[in-house]
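Colleague: Build me a model from this:
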Amino acid sequence: MRHGKKGNHLGRKTAHRRAMLANMACSLIEHKRINTTVAKAKALKVFVEPLVTKSKEDTTHNRRIVFSKLRSKEAVSELFRDVAPKVGDRPGGYTRVIKLGSRLGDAAEMAMIELVDYNETYGVDKPKKKKSTRRAGKKKSEDTASTAPATETKKEAPKAEEPKAEKKDDKKEE
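Modeller: Next comes the predicted model:
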């Protein structure tokens, strides 16, 4: 029975598994997508998503924690410099696993794992949707719309008065 055994050990000893996941995570951060088996992709997803969450807040402590897992200065700097600002507003789900079918040699199930915000094929053709508001929220938008022109007319009124004052000065000079 496998009670309480959460993670997939992938048929490897602990040190080998950690090294493999660190290398795969560095490749994922560098190339933004990699092809691997489905089991490794799912294990990598669990490994890399907490690191991306840590990278949202750029502190020395977080950099050291991420470096202890990845063991690559280049990957850590790219994660904090490029990836973190792009996923800053996302609350989670930074990776996507897409199944590709079986490998020809050994019929292993293959998958592509990628960083979600770096895929150019999704969302390019679609314009961004407006945020839908609840019915109660419409009154607020109407109130702001009715107050907006009133502030604009107040701004325009002083501009109209200034030229009139200049014209009066021109007549006095004559």
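
Colleague: ok, now which ones touch residue 42?
Modeller: Taking Cβ atoms under 8 Å, 6 or more residues apart in numbering, we find residue 42 in contact with 8, 97. In short, each C-beta sits where N, CA and C put it, glycine included.

Colleague: buried set for the strand or helix carrying it?
Modeller: According to DSSP states H and E, residue 42 maps onto helix 38-55. Burial within helix 38-55, assessed by neighbour count using 16 or more other Cβ atoms under 10 Å, is assigned to 40-45, 47-48, 51-55.

Colleague: and it, how far out from the chain's middle?
Modeller: Chain-centre distance of helix 38-55: 15 Å, with Cα atoms, centre = their mean, to the nearest Å.

Colleague: again, but for stretch 85-101
Modeller: 8 Å.

Colleague: Excluding residues flanking it in the chain, which one is nearest residue 9?
Modeller: Nearest non-adjacent residue to residue 9, counting by Cβ to Cβ, 6 or more residues apart in numbering: residue 17, 6.5 Å away.

Colleague: Please verify my assumption that residue 17 contacts residue 24.
Modeller: No: contact between residue 17 and residue 24 fails when scored by Cβ atoms under 8 Å: they sit 10.6 Å apart.

Colleague: before we move on, the earlier item: make JSON lines out of the buried residues of helix 38-55 and add pLDDT and distance to residue 120.
Modeller: What follows is these, written out as JSON lines (pLDDT from 0 to 100; distance: Cβ to Cβ, whole Å):
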{"residue": "40", "pLDDT": "98", "distance to residue 120": "25"}
{"residue": "41", "pLDDT": "98", "distance to residue 120": "20"}
{"residue": "42", "pLDDT": "97", "distance to residue 120": "24"}
{"residue": "43", "pLDDT": "98", "distance to residue 120": "26"}
{"residue": "44", "pLDDT": "98", "distance to residue 120": "22"}
{"residue": "45", "pLDDT": "97", "distance to residue 120": "21"}
{"residue": "47", "pLDDT": "97", "distance to residue 120": "25"}
{"residue": "48", "pLDDT": "97", "distance to residue 120": "20"}
{"residue": "51", "pLDDT": "97", "distance to residue 120": "23"}
{"residue": "52", "pLDDT": "97", "distance to residue 120": "19"}
{"residue": "53", "pLDDT": "97", "distance to residue 120": "24"}
{"residue": "54", "pLDDT": "97", "distance to residue 120": "26"}
{"residue": "55", "pLDDT": "96", "distance to residue 120": "22"}
